[in-house]
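Colleague: Okay, predicted coordinates and the sequence, questions at the end:
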Amino acid sequence: QVQLVESGGGLVQAGGSLRLSCAASGGTFTSYRMGWFRQAPGKEREFVAAISVSGSSTYYADSVKGRFTISRDNAKNAAYLQMNSLKPEDTAVYYCAVLRSGTYYQKYEYDYWGQGTQVTVSS
């Protein structure tokens, strides 16, 4: 069983930055791809970014490409999401998740989820 805990959310003005962290425990972190998703009120949870086991490959939703950067530190069992040039439409609860196998942008294929961290971007 893998436990994931997100942190780093908060309230920021448009154009600002936040760095989300995801701490993993209870599993073999170096065996898993990691993903970040978000869910805004009244909307479905959507893919944001994913990273390969080694960190050499990254994937982004078009809406965040060029603004967000996903990374991981396998020595610390942690993943990160650096968010720059934030927009009000980025407001959502952000979740990290573990993908043991499957397609990185399909939320139904992820195996474990954190509880989420709220990001609010004011205009």
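Modeller: Right, received. Where do you want to start?
Colleague: so what's the residue sitting nearest the centre point of the chain closest to, chain neighbours aside?
Modeller: Centroid-nearest residue in the chain, with Cα atoms, centre = their mean: residue 36, separated by 2.3 Å. Sequence neighbours aside, residue 48 is the residue nearest to residue 36 in space, at 4.4 Å (criterion: Cβ to Cβ, 6 or more residues apart in numbering). (Each C-beta comes from the backbone N, C-alpha and C, glycine too.)
Colleague: coming back round to it: hang on, the residue nearest to the centre of the chain packs against residue 9?
Modeller: No: Residue 36 lies out of contact with residue 9 (Cβ atoms under 8 Å); the separation is 11.8 Å.
Colleague: anything in contact with each of these two?
Modeller: Residues touching both residue 36 and residue 9 (Cβ atoms under 8 Å, 6 or more residues apart in numbering): 20, 94.
Colleague: next one: whichever strand or helix holds the residue nearest to the centre of the chain to chain centre, how far?
Modeller: Taking DSSP states H and E as the definition, residue 36 sits inside strand 33-39. Relative to its chain's centre, strand 33-39 lies at 4 Å (Cα atoms, centre = their mean, to the nearest Å).
Colleague: can you check stretch 42-52 too?
Modeller: Computed by Cα atoms, centre = their mean, the chain-centroid distance of stretch 42-52 equals 7 Å.
Colleague: Would you state the strands of this structure in chain order?
Modeller: 3-7, 10-13, 18-25, 33-39, 46-51, 58-60, 68-73, 78-83, 92-99, 112-113, 117-122 (DSSP state E).
Colleague: Of all these, which one is nearest residue 105?
Modeller: Using Cβ to Cβ as the measure, strand 46-51 is the one of those that comes nearest residue 105, at 4.3 Å.
Colleague: Render the CA-only coordinates of that closest one in CSV, please.
Modeller: Extracted in CSV, the C-alpha atoms of strand 46-51 (Å, rounded to 0.1, in the frame of the first residue of the first chain):
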residue,chain,number,x,y,z
GLU,A,46,-8.1,16.2,-15.3
PHE,A,47,-4.5,15.2,-16.2
VAL,A,48,-1.9,17.9,-15.6
ALA,A,49,1.5,16.2,-15.8
ALA,A,50,3.4,12.9,-15.5
ILE,A,51,6.9,11.8,-15.1
